[in-house]
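>>> Test case, fold it:
(chains A, B, C and D)
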Protein chains: 2
Amino acid sequence: MSQTASIKDVATHAQVAVGTVSNVLNYPDRVSQRTKERVLKSIAELGFVRNDAARQLRAGQSRTIGLIVLDVGNPFFSSVARAAEDAATALGSVVLVGDSGQDASREAHYMDLFQEQRVQGLLISPVGNVGERIDTLRERGVPTVLVDELADTDRCSSVSVDDQEGGYLAAKHLLDLGRRRLAFVGTPSIRQVATRLKGAQRAVAEVPGAGIEVLDSAGQTVLSGRNVGNKLVERTPEERPEAVFCSNDLLALGVMQSLTMLRTVKIPEDIALIGYDDIDFAISAVVPLSSIRQPTEALGRTAIELLVEEQDNGGTKHRAVVFTPELVVRQSTAGAASQPAPAG
Amino acid sequence: MSQTASIKDVATHAQVAVGTVSNVLNYPDRVSQRTKERVLKSIAELGFVRNDAARQLRAGQSRTIGLIVLDVGNPFFSSVARAAEDAATALGSVVLVGDSGQDASREAHYMDLFQEQRVQGLLISPVGNVGERIDTLRERGVPTVLVDELADTDRCSSVSVDDQEGGYLAAKHLLDLGRRRLAFVGTPSIRQVATRLKGAQRAVAEVPGAGIEVLDSAGQTVLSGRNVGNKLVERTPEERPEAVFCSNDLLALGVMQSLTMLRTVKIPEDIALIGYDDIDFAISAVVPLSSIRQPTEALGRTAIELLVEEQDNGGTKHRAVVFTPELVVRQSTAGAASQPAPAG
DNA sequence: ACTCGTCTTTGAATCGTTTCATTTGTTACG
DNA sequence: CGTAACAAATGAAACGATTCAAAGACGAGT
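Numbers count the residues shown, from 1 in each chain, chains lettered A, B, ... in the order given. All right, here's what the predicted structure looks like:
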């Protein structure tokens, strides 16, 4: 009992052939009631547990789906991941989550790993240039779905949210408040961030006299936000922007922390602040944070659906599903059209 | 090129035996330079990727460690998980994360799954009664480490934080502020929560005239907290507690949302509020939240270390590592000894 | 030329399943 | 009684890697 029993042990114990035990597990209808009972009893007595490695080896494919996200600590991704897991569980599959931490080499590491595991499919929020890699996987029958990134539909499917629209919504909202000197905080080296910035710039271009300054945060965390916030605090009031748009809520919360630390800057009166993602914590912030909401559950669920679609059509057809983000106004940009004295 | 190449294909292509290819991969020193080069070239040309299932089957064990947490969306667990992953990666292993959602059947599901995968070891924050299950795993050579739960060291190892001490610290702090009518918000059906409550009650018992009311939150999320908070708001000021201790920060943030929604209740003047876990968002709250900090990175890292220890000693010796939590005072309990009029 | 030792390479056996062509058993019908 | 039809059970082959005893190659020493 110290070692794990194999199907062969079960067969011996129940006095049947190994094939019969396998049938009991996989095609119970093919086995007579009596034999089935005897086999099940033996399984219970020996504490037999299927060896998934052997099963996979024979099947040539696993029941595993790989998911690579940029940061599991980010509620946006953990929410997407959870939705994907739930959808996968319903299909009898498991999701393996890898955290690339926005590092191309870690991303590659997880791709290697998943390929060795012969995953059914791959969901990925890419960092590096994974196009060729995806081509190889497709050729080998492993479909890929890009998550939170628009795909070239010649190559693979994708679920994403219209980032340019989100950026536009955010900036437009700030401009509608009467603010003209905006700042964008984020890391434009990340495509989503760059696209949000582009949307914001489009909104700014529509309003004469408006401008947007880009502050690279070198990271997407609360800490990075705090650093940027500290720099803003050091500026003279005239040099400070009238409104700040952060590329995600973590950054915005960090900026908020710095700005509210010294009581000199008031949100939203002096600086209006808006984030992105609308994570659960946004509403609990010092000043409840306005944000751009993304449908995370739908993203995760749809990603799995697209994967199934690809499996069904043999990876020949690809689809890009794009969701629309939504503006959520809270106190950090409330106080209708309160306009500080223009300076400069 | 459409199908994945096997080691046999590589052998044929490089005109060597399969054993040689295997040696190139696993014992490069045993192979001559010339052959090695030829084999590596074939591997590259065919795009060969090891089949992990076959490898595991032969090895009898995987390079996977299972981790079952109560809620991945909870920053406490996602932080522990990340630390565990990092430690595992350093050992060349992978961590498979399962989210039980505090549901015993989902927990059992993941245990089944992990057993089928023949994981190297199991890290688990148990919900249901998993004692026997752990015994079985141990007999089969799969070590288990309880995470955030004290283990019977006859059975397995554990990493945990002294919850009773944490509860004591929190309540003591509230009492030191002069508050006497305390409330505890949480789900005492969860052991950690019950233990924290016990610690709080111990602190209360030390102070004559002090009392603590228990409010079951039926959940550990921001939403559950908001529900409890709404009930508190409905009470007359005299009926409200003078201080609230929540069994985690998410609950506390929810309670805070409800209490601050109507401007009638002030934190900390009317109600002092303290949470548990000290998640990153605690500091960004409407009123920066006091909390009890737990060393999450140390928990995750140590869990893996204990697993390795068990593997080395063949699962014969077990150790229970207990960390000490730390009080973090912020504005939600600041305002030294401000005491509202005693009522009742 | 022969033996010994070292370094390389070989290829069959093995891991635990699933699959499937075959065999065995049972019932029904002419 | 023979046999067709069907149900149930069998067991060898295959999946793709690793392992290891054995064979082969080669040079040095006698």
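
>>> give me phi/psi at residue A:293?
Main-chain dihedrals, residue A:293, degrees, to the nearest 10: phi -90, psi 140.

>>> Which strand residues bridge it?
On the basis of DSSP bridges, residue A:293 takes part in beta bridges with residue A:277, residue A:326.

>>> any idea how far it lies from residue A:283?
11 Å (Cβ to Cβ, to the nearest Å). Every residue, glycine included, has its C-beta placed from N, CA and C.

>>> So these two - more neighbours on which side?
Between residue A:293 and residue A:283, counting by other Cβ atoms under 10 Å in any protein chain shown, residue A:283 is the more crowded of the two (19 against 16).

>>> Contact residues of chain A facing DNA strand C?
Remark: the part of chain A in contact with DNA strand C comprises A:4, A:6-8, A:18-19, A:21-23, A:25-26, A:48-51, A:54-55, A:57-59, using Cβ under 7 Å from any atom of the strand.

>>> Quick one: buried ones out of those residues?
A:4, A:6-7, A:21-23, A:25, A:48-51, A:54-55, A:57 (16 or more other Cβ atoms under 10 Å in any protein chain shown).

>>> so of the residues of chain A next to DNA strand C, which ones are in strands?
Judged by DSSP state E, the subset of the residues of chain A next to DNA strand C located in strands is empty.

>>> These: which ones sit near chain B?
A:4, A:49, A:50, A:51, A:54, A:57 (Cβ under 8 Å from any Cβ of the partner chain).

>>> Dihedrals phi and psi, residue A:311?
As for residue A:311, its main-chain torsions (degrees, to the nearest 10) stand at phi -60, psi -40.

>>> Which part of the stretch 101-250 of chain A gets nearest to DNA strand C, residue-wise?
Residue nearest to DNA strand C within the stretch 101-250 of chain A (Cβ to the nearest atom of the strand): residue A:118, separated by 13.5 Å.

>>> Show me which residues of the stretch 51-200 of chain A are close to DNA strand D?
Residues of the stretch 51-200 of chain A lying near DNA strand D (Cβ under 7 Å from any atom of the strand): A:54, A:57, A:58, A:60.

>>> hmm, try it at 10 Å
For the stretch 51-200 of chain A, the contact set with DNA strand D under Cβ under 10 Å from any atom of the strand comprises A:53, A:54, A:55, A:56, A:57, A:58, A:59, A:60, A:116, A:118.

>>> Which members of the residues you listed are positioned in helices?
Residues from these lying in helices, with DSSP state H as the criterion: A:53, A:54, A:55, A:56, A:57, A:58, A:59, A:116.

>>> So the fourth one sits against residue A:62, correct?
Yes - in this structure, residue A:56 sits in contact with residue A:62. The criterion is Cβ atoms under 8 Å, and the distance is 4.8 Å.

>>> can you tell me if stretch A:17-31 touches DNA strand D.
Yes - applying Cβ under 10 Å from any atom of the strand, one finds stretch A:17-31 touching DNA strand D at A:17-24, A:27-31.

>>> Widest-spaced pair of the residues you listed?
Of all pairs drawn from these, the greatest distance, 18.6 Å, lies between A:18 and A:29 (Cβ to Cβ).

>>> Centroid-nearest residue for chain A?
residue A:77 (3.5 Å; Cα atoms, centre = their mean).

>>> still on that earlier bit, measure the residue of the stretch 101-250 of chain A closest to DNA strand C to residue A:40 for me?
To residue A:40, residue A:118 is 30 Å away according to Cβ to Cβ.

>>> cool, residue A:103 as well?
48 Å.

>>> The two: which is more packed in?
Taking neighbours as other Cβ under 10 Å, residue A:103 and residue A:40 compare with residue A:40 leading, 18 against 13.
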